[in-house]
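In: Got a sequence here, can you model it:
(one chain, ligands or ions: 1)
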Amino acid sequence: MNQLDRFKNITVLGAAGKMGSGILLLNVLHSVKLMHLPQFLGQTFVINAVDQSFERLQGLMDYIKNQVQKWAEKNIVELRKQYINRPHLIDNKDIIEAFVADAMSLVKPSINIEVSYHSSLIFEAIIEDENIKTKVFRQINENNPNKPYFLSNTSSIPIKVLDDKAGLEGRIIGCHFYNPPAVQRLIEVVQLDEPITELSSLVEGLAKHMNKLIVPANDIAGFIGNGFFMREIIYAVNLYKTLQKDLSPAEALLAVDKISHELLIRPMGIFQLMGYVGVDVCSLIMRVMDSHLEENLNCSFLDELLSKGVKGGQHANGTQRDGFFKYEGGKAVEVLDVESLKYTEVKLLEPKVDEYLDFQTKVYSWNQLSRSKYKDQHIQEYFAQLKNDESKGALLAKEYSQAMRDIAVQLYENKVCDSTDYVNAVMMNGFYYLYGPVNNLMD
Ligand SMILES: NC(=O)c1ccc[n+]([C@@H]2O[C@H](COP(=O)([O-])OP(=O)(O)OC[C@H]3O[C@@H](n4cnc5c(N)ncnc54)[C@H](O)[C@@H]3O)[C@@H](O)[C@H]2O)c1
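Out: Numbers count the residues shown, from 1 in each chain. Down below sits the predicted model:
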């Protein structure tokens with residue numbers, strides 16, 4: 001079967017989830033483009049949007065329609081070229097309407113996995129559970145005569161484990177989109193040791209069409225992104241515990257968040273990031289990695305939090321749930337004392353934390369620098385000054401930065417990636433760092 005022919009019938013599993021809905025949207029946009037290629041004119045394309053939650057599927061169609069409409073309005077010039085064969089469509093409005101109708105006609109929402117038995121490509125974004133993913137893959141594979149390719153969005157489970165357990169004969173690849181898939185440019189691609197060339201080139205072509213950047217990772221639990229993130233969590237939690245010699249739990253938490261956010265010029269602090277991803281998700285990923293790696297990656301702090309009901313994550317409308325912080329208008333305004341589970345206003349704790357850190361270097365905000373054309377220059381200057389700052393905050397920031405470099409080097413030495421440049425690429429594109437952790441700017 002021709003590579004592109006495989007797109008004529010595809011399935012997105014977990015289509016109503018956080019990642020699945022974005023992956024579905026990207027595929028809808030891609031498939032409409034294919035429909036207009038001369039070799040496919042007049043042919044039928046199908047995208048099964050499969051999810052076990054009927055309620056979530058109901059909202060999904062509105063979401064896709066909304067997003068497709070917005071995309072069309074922004075990309076009318078490209079659409080005019082796509083619809084050149086329909087000369088009766090003159091006004092922008094008509095073209096946009098036709099495009100939205102074409103896009104929506106592709107999507108077939110369903111709670112029945114059986115619809116995927118006719119697909120040639122299976123995009124999977126269901127819960128991060130080895131047994132559930134394996135069971136679903138096996139069922140589809142055993143009932144689908146097309147020998148489909150499986151593109152898994154797993155962020156931590158080794159692809160070989162899924163392949164072996166589900167009996168897929170190598171027809172699987174890790175195609176790890178970042179959140180939110182429609183916006184984030186990065187895809188971490190994880191191939192088996194002996195990949196199927198056609199599948200690798202299909203993913204390459206797809207990424208190009210979707211304007212995504214591929215970073216290759218080797219098939220080791222956690223890959224690059226979570227390999228880094230989970231080890232950073234362990235470092236940050238240890239630091240948080242150490243700082244409690246001098247600070248209250250809430251102050252220590254705020255201090256670690258400030259170091260990783262403001263002093264290292266990142267978009268958010270490590271506890272904010274854990275809250276954004278969700279403590280439950282972090283715990284799940286940590287467990288997967290712990291079960292597959294010899295290294296001890298057990299972080300009991302996460303389980304303690306969950307047992308106390310501290311979860312974080314987001315509401316359906318994308319706003320942040322209470323977790324380590326309470327948010328107002330997207331800004332963290334209260335911080336949690338994890339022991340007593342009481343929140344205190346950040347502004348009440350900040351003076352004590354700032355006095356403790358006693359930071360002397362002028363700080364640039366991530367927001368400010370990410371938009372500046374002098375970004376790299378300012379970052380260099382900042383780290384040059386930080387090097388000579390002997391305050392407690394500067395020492396902790398320097399140690400933190402060094403620990404992050406060690407994690408990145410460890411990923412390379414453990415063969416998770418073939419170059420430390422890939423760690424930089426993942427952290428800069430998937431986590432929005434302004435500089436790679438491997439470039440220790442204080443050298
Ligand atoms: N959330 C992130 O930031 C993120 C980032 C990268 C990768 N991932 C990975 O993407 C995958 C999905 O994560 P998510 O955050 O979107 O989860 P989610 O809980 O938002 O979505 C999962 C969806 O799968 C559905 N589902 C569960 N079991 C199913 C089954 N057997 N058949 C059909 N549908 C089923 C659920 O109803 C839900 O809608 C996981 O493997 C995760 O590790 C997540």
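
In: Could you use CA atoms for every contact and neighbour count after this?
Out: Noted.

In: most centrally placed residue in this protein?
Out: When Cα atoms, centre = their mean is applied to the chain, the residue found nearest the centroid is residue 178 (2.6 Å).

In: For that residue, give its distance to residue 218.
Out: For residue 178, the distance to residue 218 equals 17 Å [Cα to Cα, to the nearest Å].

In: swap in residue 312?
Out: Relative to residue 218, residue 312 is positioned 30 Å away (Cα to Cα).

In: that older thread, what residues does the residue nearest to the centre of the chain make contact with?
Out: 19, 184-187, 430 (Cα atoms under 8 Å, 6 or more residues apart in numbering).

In: how close does residue 389 get to the ligand?
Out: Here residue 389 is placed at a distance of 36 Å from the ligand (Cα to the nearest ligand atom, to the nearest Å).

In: does that residue really touch residue 360, like I thought?
Out: Yes - taking contacts as Cα atoms under 8 Å, residue 389 lies within contact range of residue 360: 6.4 Å.

In: can you pull the pLDDT of residue 83?
Out: Residue 83 is assigned 88 on the pLDDT scale.

In: and the nearest residue to it once chain neighbours are set aside, what helix or strand is that in?
Out: Nearest-residue entry for residue 83: residue 95, 7.2 Å, with adjacent residues in sequence omitted and distances by Cα to Cα, 6 or more residues apart in numbering. Here residue 95, judged by DSSP states H and E, is contained in helix 92-106.

In: helices and strands around the next helix or strand after that helix, which ones?
Out: Following helix 92-106 in sequence order, the next helix or strand is strand 107-110 (DSSP H and E). Applying 3 or more Cα pairs under 8 Å, 6 or more residues apart in numbering; DSSP states H and E, one finds that strand 107-110 makes contact with strand 46-50, helix 54-74.

In: ranges for the strands of the stretch 101-250 of the chain?
Out: Under the criterion DSSP state E, counting those that start in this stretch, the stretch 101-250 of the chain contains strands at 107-110, 121-124, 149-152, 172-177, 186-190, 213-217.

In: what's next to the fifth one, contact-wise?
Out: What that stands for is strand 186-190. Residues outside strand 186-190 that contact it (Cα under 8 Å, 6+ apart): 159, 173-178, 207, 212-219, 223-224, 426, 429-430.

In: mind checking how far the residue of the chain positioned farthest from its centre is from the ligand?
Out: In the chain, the greatest distance from the average C-alpha position (Cα atoms, centre = their mean) is reached by residue 88, at 41.5 Å. Taking Cα to the nearest ligand atom as the measure, residue 88 falls 40 Å from the ligand.

In: Any figure for the gap between that residue and residue 2?
Out: Distance of residue 88 to residue 2, computed by Cα to Cα: 32 Å.

In: do residue 312 as well
Out: Taking Cα to Cα, one finds residue 312 at 44 Å from residue 2.

In: If you count surrounding residues, which of those two has more?
Out: More neighbours surround residue 312 than the other of residue 312 and residue 2, with 24 against 8 (other Cα atoms under 10 Å).

In: Please name the residues that touch the residue lying closest to the more buried one once chain neighbours are set aside.
Out: Nearest non-adjacent residue to residue 312, counting by Cα to Cα, 6+ apart: residue 323, 4.1 Å away. Contacts for residue 323 (Cα under 8 Å, 6+ apart) come out as 275, 310-313, 336.

In: These in strands, which ones?
Out: Among the contacts of residue 323, the members falling in strands (DSSP state E) are residue 336.

In: For the ligand, give me its nearest residue in the stretch 251-400 of the chain.
Out: Here the stretch 251-400 of the chain gets closest to the ligand at one residue, residue 277, 5.6 Å apart by Cα to the nearest ligand atom.

In: Now do the buried residues in stretch 60-72.
Out: Applying a neighbour-count criterion of 16 or more other Cα atoms under 10 Å, the buried positions in stretch 60-72 are 60-61, 63-65, 67-69, 72.

In: Do a quick rundown of the helices in the stretch 101-250 of the chain.
Out: 130-143, 159-166, 197-209, 225-243, 249-258 (DSSP state H, counting those that start in this stretch).

In: Which stretch among those is buried most, on average?
Out: helix 249-258 (a mean of 24; mean count of other Cα atoms under 10 Å).

In: Lowest average confidence across helices and strands, show me which element that is in the protein.
Out: Across the helices and strands of the chain, mean pLDDT, DSSP states H and E gives its lowest value to helix 76-82, namely a mean of 91.

In: Would you mind confirming that residue 227 makes contact with residue 221?
Out: Yes - using Cα under 8 Å, residue 227 is in contact with residue 221, at 7.4 Å.

In: what does the stretch 251-400 of the chain have sitting close to the ligand?
Out: residue 277 (Cα under 6 Å from any ligand atom).

In: likewise the stretch 51-200 of the chain?
Out: 51-53, 125-128, 153-155, 176-179.

In: Pull out the buried members of those.
Out: 51-52, 125-126, 128, 153-155, 176-179.

In: Residue 333 looks like it's in a helix, true?
Out: No - secondary structure of residue 333 (DSSP: H, G, I helix; E, B strand; the rest coil): strand, not part of a helix.

In: thinking again about what came up before, save the buried residues of stretch 60-72 as TSV, and put in pLDDT and distance to residue 255 too.
Out: Formatted as TSV, the buried residues of stretch 60-72 follow (pLDDT from 0 to 100; distance: Cα to Cα, whole Å):
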residue	pLDDT	distance to residue 255
60	94	40
61	94	43
63	94	38
64	96	40
65	96	43
67	96	39
68	97	42
69	97	43
72	96	44
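
In: quick check, nearest of these to residue 304?
Out: Proximity of these to residue 304 (Cα to Cα) peaks at residue 60, which lies at 33.9 Å.

In: mind checking how far residue 77 is from residue 296?
Out: Counting by Cα to Cα, the gap from residue 77 to residue 296 is 53 Å.

In: what's the answer for residue 71, then?
Out: Counting by Cα to Cα, the gap from residue 71 to residue 296 is 45 Å.

In: Kindly report the same for residue 269.
Out: Plainly put, residue 269 is 24 Å away from residue 296 if you go by Cα to Cα.

In: between these two, which one's more packed in?
Out: More neighbours surround residue 269 than the other of residue 269 and residue 296, with 21 against 10 (other Cα under 10 Å).
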